[in-house]
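Mind looking at a prediction? Sequence and model below.
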Amino acid sequence: MAVPTFVDQVTLHVSAGRGGHGVASVHREKFKPLGGPDGGNGGPGGSVILRVDPDVTTLVEYHHSPHRKAENGGHGAGSHRNGAHGSDIVLPIPEGTVVSTKDGTVLADMVGPGTELVIAQGGRGGLGNAALASAKRKAPGFALLGEPGDQVDIVLELKVVADIGLVGFPSAGKSSLIAAISRARPKIADYPFTTLVPNLGVVTAGETTFTVADVPGLIEGASDGRGLGHDFLRHVERCAALVHVIDTATMEPGRNPVEDLDIIENELSRYGGLEDRPRLIALNKIDVPDGRDISDITIDELRERGLRVIPVSAASGEGLRELTFAMAEIVAQSRASKPVVETKRIVLRPASADGSDSFTVTKTGAGWRVRGEKPERWIRQTDFSNDEAVGFLSDRLNRLGVETALVKAGAVEGDTVLIGDPDDAVVFDFKPGIDAGAEMLGRRGEDQRFDEKRPAHGRRRAIDEAMGDRSETETRADVARRLDKPDVYGPTSYAVGTEQDPDWVENDPGTLVDDDTD
């Protein structure tokens, strides 16, 4: 299979780098057993950037390697060390490349050397526990995970940036003409469809320098996909003017310059978007006797249509100077009418750097589905193997108003709640009324709110209530024993350390040992 050297349309699969994870760490130093949290943040992932490079003229590189990925961000570390930033990947593209989605939505038109487009944003790095510490949560035992980078499929479509476009039937002499007026050296032969790719040439006429491109393979039905014109008509969309190159010495029966012009104009009209471009007519090959005669016969008819007609010969050079100066005149007028456009770096970002607070709650067959930028981002940042991190997520969702919105929508305890994209949602059982308040007491990485049974908490509350009715000789331990064994102690209190206390045992003569684990 032949290896293409010119590619003007490719589908590119790009992936930005993932953000590094934050780390949960506690400062440890001699004589400082509680040094506080010192976990660093994860570094952001690298982005994928498209940049217009004047030295690049084709998309063939991405035809062979359509998958591109930026570098991931580094993970955080202790001692407040943040992770490294992932390196961006810059993809050079030709000027005139249109970037669009697979469904045809145009994202950007890349014109101007140096113009950049961040097509895939790198993921944010997760916060370490040092950044999560607050007055209520002084020593977090968790950190946030890094977010995945964007993954998008885009279509790159090259539309050659040329000032003049040469259109015409195969073998009309377009390649010979562009070779005669510029330094371009396209393939030239005496058979149709010799040119398989658009050719560009730089032409200087007086003080005006401009580029000329030829569109290969235009025949009747090109707008419907016949020949090669359908694939290359896009390259004349940016041209300031079109030059019809008409073969006056063709040997094909039934063809004449006027009919050739009408056929090509019909194809351009069916393609669309080129009606406002000025036209020039170049009657080529007048160096051939029959060609000059046909040119003389048809030139008046074409001029009656209001067209500017110039007889030329790419072989002998006759009429080329007049043609190039006519092209330069149109180009100069077109450039003067256009406003000056400054090169700028195009960046696609969300409307808010912190994300929108809006979210939606919808009842579906699978349960209550919550969709929103912040809730979905927080889900991606949460380490669900850490109870304290899940509790922190619950606090964030509660402050955002998700729980209130669910209750208003009719959700009850035990209902299924799904947060995130339908293909990758996180499922919860709705349990309203779980508030953190201050930092929860417990082992690092745990959140006591997620313990279904908490007998110690209930026992302490009962003891606190009973302390108001205790006698003067009762201690807190006496009240606790009375509540645990009311049938043994009853309302009578026993002084701690006496033989009447059944929780005290005699260890040796004259010595009593406290056996109460409370």
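Structure received.

what sits against the residue minimising distance to the centre of the chain?
In the chain, the residue lying closest to the centroid (CA atoms, centre = their mean) is A120, at 3.3 Å. For A120, the contact set (CB atoms under 8 Å, 6 or more residues apart in numbering) comprises V14, S15, A16, S47, V48, A70, G149, D150, Q151, V152. C-beta: built from backbone N, CA, C; applies to glycine.

Bridged to it, which residues?
Here A120 sits in beta bridges with V48, going by DSSP bridges.

what do you get for P92?
Going by DSSP bridges, P92 is paired in beta bridges with R51.

I'd guessed V14 sits against I119; true?
Yes. V14 is within contact range of I119, at 6.0 Å (criterion: CB atoms under 8 Å).

Find residues that contact each of these two.
Contacts common to V14 and I119, judged by CB under 8 Å, 6+ apart, are V48, V152, I154.

quick one: what helix or strand has the second one in it?
The one in question is V152. Take DSSP states H and E as the rule and V152 turns out to sit in strand 151-158.

what's that strand in contact with?
When contacts are taken as CB under 8 Å, 6+ apart, the neighbours of strand 151-158 outside the stretch itself are 7-16, 58-59, 62, 93-94, 96-102, 107, 119-120, 234-235.

how much space between the closest residue in space to H85 that isn't next to it in sequence and A205?
With CB to CB, 6 or more residues apart in numbering as the criterion, H85 has its nearest non-adjacent residue at 4.7 Å, and that residue is G43. Distance from G43 to A205, counting by CB to CB, to the nearest Å: 54 Å.

Name the residue in these two with the higher neighbour count.
A direct count of neighbours by other CB atoms under 10 Å for G43 and A205 places G43 higher, at 26 against 19.

Helices of this protein, residue ranges please.
For the chain, applying DSSP state H gives helices covering 60-64, 129-132, 174-181, 229-232, 257-271, 289-304, 320-337, 373-381, 387-400, 402-409, 455-466, 476-484, 486-489.

right, so of those, which gets closest to P278?
Nearest to P278, of all the helices of the chain, is helix 320-337, at 5.2 Å by CB to CB.

May I see the buried residues of the closest one?
In terms of neighbour count (16 or more other CB atoms under 10 Å), helix 320-337 has its buried residues at L320, L323, T324, A326, M327, A328, E329, I330, V331, A332, S334.

With stretch 95-112 instead?
By neighbour count, with 16+ other CB under 10 Å as the criterion, the buried positions of stretch 95-112 are E95, G96, T97, V98, V99, L107, A108, D109, M110, V111.

I figured the fourth one was touching G104, is that so?
No. Applying CB under 8 Å as the test, V98 and G104 come out as separate, 10.6 Å apart.

okay if I get the buried residues of helix 320-337 as CSV plus pLDDT and distance to H244?
As requested, the buried residues of helix 320-337 are arranged in CSV below (pLDDT from 0 to 100; distance: CB to CB, whole Å):
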residue, pLDDT, distance to H244
L320, 90, 16
L323, 90, 12
T324, 91, 16
A326, 91, 13
M327, 90, 13
A328, 90, 18
E329, 90, 17
I330, 88, 14
V331, 88, 17
A332, 88, 21
S334, 84, 18
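
confidence score at D190?
Confidence at D190, expressed as pLDDT, is 49.

before we move on, what about P289?
Predicted confidence (pLDDT) for P289: 80.

next one: P339
pLDDT for P339: 68.

For Q381, which non-adjacent residue is spatially closest?
Closest residue to Q381 in three dimensions, ignoring its sequence neighbours and counting by CB to CB, 6+ apart: L144, at 4.2 Å.

Can you report how many residues neighbour D247?
Taking other CB under 10 Å as the criterion, the count of residues near D247 is 23.

The one 5 residues further on too?
Neighbouring residues of E252 were enumerated by other CB under 10 Å; the total is 10.

Over to the one 10 residues further on?
Residue crowding around D262 was assessed by other CB under 10 Å; the count is 11.

Quick check: L107 touching V118?
No. Between L107 and V118 no contact is recorded; they are 10.6 Å apart, counting by CB under 8 Å.

how near is the closest residue to R81 other than its chain neighbours to A131?
Leaving aside its sequence neighbours, R81 sits nearest to G40 (CB to CB, 6+ apart; 4.4 Å). When CB to CB is the yardstick, G40 and A131 sit 8 Å from each other.
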